[in-house]
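Trainee: structure for the following, please:
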Amino acid sequence: MDEKSLTTRAVTEEAERHSSSREDEDAEEEEEGFEGPWYRFPPIRNAGLGGIVLGLGWLAGKLSLGPALQIPLYLVAMALGGYFWVREGWEEFLEEREVGIEALMAFATLGAG
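Mentor: Got it, this is the predicted structure:
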């Protein structure tokens, strides 16, 4: 083999090694997960707490306790329920320059309000 084909082959092999190592890193990141009961997983816990606070806001409305109580409860429910997804969407946008589903849902929520 001549020198040019050896260099091309070496570059190709190095690119394949780099590509496979990156794929392995991505697979490891995806495999890393939360270990523990589901109710201790922070995004699920916050979503559940947000749902409870949302229910309290609804109940305050049904009991005619007024918007001075309802509105803060609804705002707290939105903050609790959406914190992790908004943060993840923002990080994805800044790091990867991609608009993911998290960011789209946050924008839709802001637009609906």
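
Trainee: quick check: mean pLDDT across the host helix or strand of A108?
Mentor: In the assignment (DSSP states H and E), A108 maps to helix 101-112. Confidence for helix 101-112, expressed as mean pLDDT, is 80.

Trainee: flag every buried residue along it.
Mentor: Buried positions in helix 101-112, judged by neighbour count with 16 or more other C-beta atoms under 10 Å: E102, A103, A106. Placement of C-beta: from N, CA and C, glycine included.

Trainee: repeat for stretch 58-74
Mentor: Judged by neighbour count using 16+ other C-beta under 10 Å, the buried positions of stretch 58-74 are A60, Q70, L73, Y74.

Trainee: stretch 84-103 too?
Mentor: Buried-residue list, stretch 84-103, by 16+ other C-beta under 10 Å: F84, W85, V86, E88, G89, E92, E102, A103.

Trainee: flag the shaky bits of this structure, pLDDT-wise.
Mentor: Counting by pLDDT under 70, the chain contains low-confidence residues at 1-12, 14-15, 17-31, 113.

Trainee: list the contacts for the nearest residue to L80 once chain neighbours are set aside?
Mentor: Excluding its sequence neighbours, the residue lying closest to L80 (C-beta to C-beta, 6 or more residues apart in numbering) is G50, at 3.7 Å. Neighbouring residues of G50 by C-beta atoms under 8 Å, 6 or more residues apart in numbering: V76, A77, M78, A79, L80, G81, G82.

Trainee: perfect, that will be all.
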